[in-house]
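**Q** What would the 3D arrangement of this be:
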Amino acid sequence: MPSNTVTSKSLERNYRQKYGLRKLNKESCACLLIGSRRCMGRKVSAGSCYSPRHDHNSTFKVISTGALVMVEQPYVGDETDIAELTAECEAFAKEWDLTVRLSIEESWHAPGKTILVEYRRVVKS
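**A** Okay, here's the model as predicted:
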């Protein structure tokens, strides 16, 4: 493999280094991010604590603060699909009091075919 080829592992490593993250070996949901230990994926009154397109889920911990980050990388099609996904993710984040960030450039699972969706707990001052 040529040295200039970007691999999934190197893209993930770059993401972790850029944001100071350590990968955890567990699947995450909104309940985990907000600190609930009761749900862990079960249905709750408002619906599911899993995001709208729960695909290629990873959990990270911010090294400096210990805060958890939920990353998913769903497959996307055209710009209409991306707009629809963005709206779904923003609604889910609002429902659970989370922040959401989407990035096509930082997705490492099937780059170019997936989009990175990052959820974090809202930090209140």
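**Q** list the contacts for the closest residue to Ala67 other than its chain neighbours?
**A** Spatial nearest neighbour of Ala67, chain neighbours left out: Arg121 (6.3 Å); criterion: C-beta to C-beta, 6 or more residues apart in numbering. C-beta coordinates here come from the backbone N, C-alpha and C atoms, glycine included. With contacts defined as C-beta atoms under 8 Å, 6 or more residues apart in numbering, Arg121 is in contact with 33-35, 67-68, 97-99.
**Q** likewise Val69?
**A** Contacts of Val69 by C-beta under 8 Å, 6+ apart are 19, 21, 33, 59-62, 118-120.
**Q** which SS state does it fall under?
**A** Classification of Val69 by DSSP: H, G, I helix; E, B strand; the rest coil places it in strand.
**Q** Report the helix or strand with the lowest average pLDDT across the protein.
**A** Least confident element among the helices and strands of the chain, by mean pLDDT, DSSP states H and E: strand 43-44 (a mean of 56).
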